[in-house]
Each structure stands twice: as C-alpha cells, then as structure tokens.
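# Sharing a model that was predicted from the sequence below.
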Amino acid sequence: MNAPAKLVRASLQETEEYFLQADRRNPKPKKLVWLVASACLLAVALNVNDLRRDFARAKPLWWLPPAVMVSFCVFMLLWLGPFGHQRRLRKAIRGMVAKPPVEAHFEFSEAGFLSTGKQGQTSFHPWPTVPEALIYIYSDGFAPIIEATMNIYFWVPRRAFQSDADYEEVLAWVAAKVKKVEQRKGQ
C-alpha cells in the first residue's frame, strides 16, 4: 500500500501587518514612480528652449509654465511614490481586514498547495502550474507566484509554519517542483 502523502500546514492571521509585509515582498518592483519621473523630466527637456526664449524676451509670467509643471510633477510623485502608495494601501487594507482578522490556511504537499482564505474560499495550485517562486533569505518566508503577468502571488511567512523542519520541507518541494526559483534578500 502507498503511504499517505505528507501534508505541511501553515496558518496565519490576515492582519494589517501581514498585508503590509506581503506588499513589501511584492515580486514585481514598482515602476510607476520611475515612469512618472521620466515623463516629468521629458516634459521639462522638451520645454527648455521655449522657457529660455521667453525669459530672454522678458515675457511677463514666463515663470508660470515651469512652476505649474514642477508643481504637477511633485504632486504626482508624492501621490504615486512610496508615501502615497503606503497611504492608499493602508486605506485599502483597513477595508479588507475583518475584526477579528481572518485566519488563512495553507496546506502544502508534494503535489502542490491549497490556500484557504476569506469566507472559506479555497484554491489548489499544483506545483507544475506555479511558474515562479521567490524565497526570501534571512529565514523570512517565500512567495509562490501564481500568475506572473498579473502579479498574483501568496506571501507565506516562515512564522506561519509549526516548525522549522516543516518550512524547510516546503522549500525543498518548491526548489524541486517550481520552474523558476529566485532568492532575494528580505527587506
């Protein structure tokens, strides 16, 4: 007879701290800030000749277009930058986190993993369908990426496991069964 497949369980509370940590472990870097900064620099570069010409001709209010452009760029960078992102994220998380927080469960096996979240919704992900996984060194946790183009991933911190042996066993399965495994430093 075949021995039953070993299951490793992990559970955690979906708190504000958990979601903030999961965001810090986002597999895709946030490029929107750099896109806005590049657009602002491009706009300034395209208007430098006009600004110099207006200044040389002593046109009244020559300073207004660059002042508006700089103000708009600063506003956009603050809104889309790390400060604005954290503010919007905290607001969204407060709307998601239940009181008391929901207990999320993961069950890992050699075949894949099952996740259970809000209202008991479950989803099974076989390891061959997981295109990528990130393992954060310094014993922090790992993030199996379910859909790379849509940036859909789970953040599973090491503290969610009952023992270090369970965590190491799951990492061995990830290393053996996931197509691409990348290690990153924790933040």
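Received it, and whenever you're ready, just let me know what you need.
# Enumerate every residue touching the spatially most central residue of the chain.
The centroid of the chain falls nearest to N26 when counting by CA atoms, centre = their mean (2.2 Å). When the contact criterion is CB atoms under 8 Å, 6 or more residues apart in numbering, the partners of N26 are N151, Y153. Placement of C-beta: from N, CA and C, glycine included.
# Return the distance of the residue lying farthest from the centre of the chain relative to L51.
Each residue of the chain has a distance to the centre, and by CA atoms, centre = their mean the biggest one is for R57: 50.1 Å. Distance, R57 to L51, by CB to CB, to the nearest Å: 11 Å.
# so which strand or helix has the residue nearest to the centre of the chain?
Counting by DSSP states H and E, N26 is held by no secondary-structure element, helix or strand.
# how far away is it from V170?
Between N26 and V170 the distance is 21 Å, computed by CB to CB.
# got it, and P157?
Computed with CB to CB, the distance linking P157 and V170 is 12 Å.
# for stretch 173-187, what is the average pLDDT?
This predicted structure assigns stretch 173-187 an average pLDDT of 82.
# actually stretch 44-54, not the one I typed
Per-residue pLDDT over stretch 44-54 has a mean of 82.
# Show me the contact partners of the helix ranked longest in the chain.
Here the longest helix in the chain is taken by residue count, with DSSP state H as the criterion, and it is helix 32-56. Outside of helix 32-56, the residues within contact range by CB under 8 Å, 6+ apart are W62, P65, P66, M69, F72, C73, M76, L77, L80, G81, P82.
# List buried residues within those residues.
Among these, those that count as buried by neighbour count (16 or more other CB atoms under 10 Å) are W62, P66, C73, M76, L77, L80, G81.
# Inside helices: which ones of the residues you listed?
Applying DSSP H to those, the entries found in helices are P66, C73, M76, L77, L80.
# For A37, see how far away the third one is.
I take that to be M76. Taking CB to CB as the criterion, M76 is separated from A37 by 9 Å.
# okay, and the common contacts of these two?
Overlap of the contact sets of M76 and A37 (by CB under 8 Å, 6+ apart) is empty.
# Could you look up the SS state of the spatially closest residue to I135 that is not a sequence neighbour?
Nearest in space to I135, with sequence neighbours left out and distances taken as CB to CB, 6 or more residues apart in numbering, is F142 at 4.6 Å. Here F142 is strand, with the state taken from DSSP: H, G, I helix; E, B strand; the rest coil.
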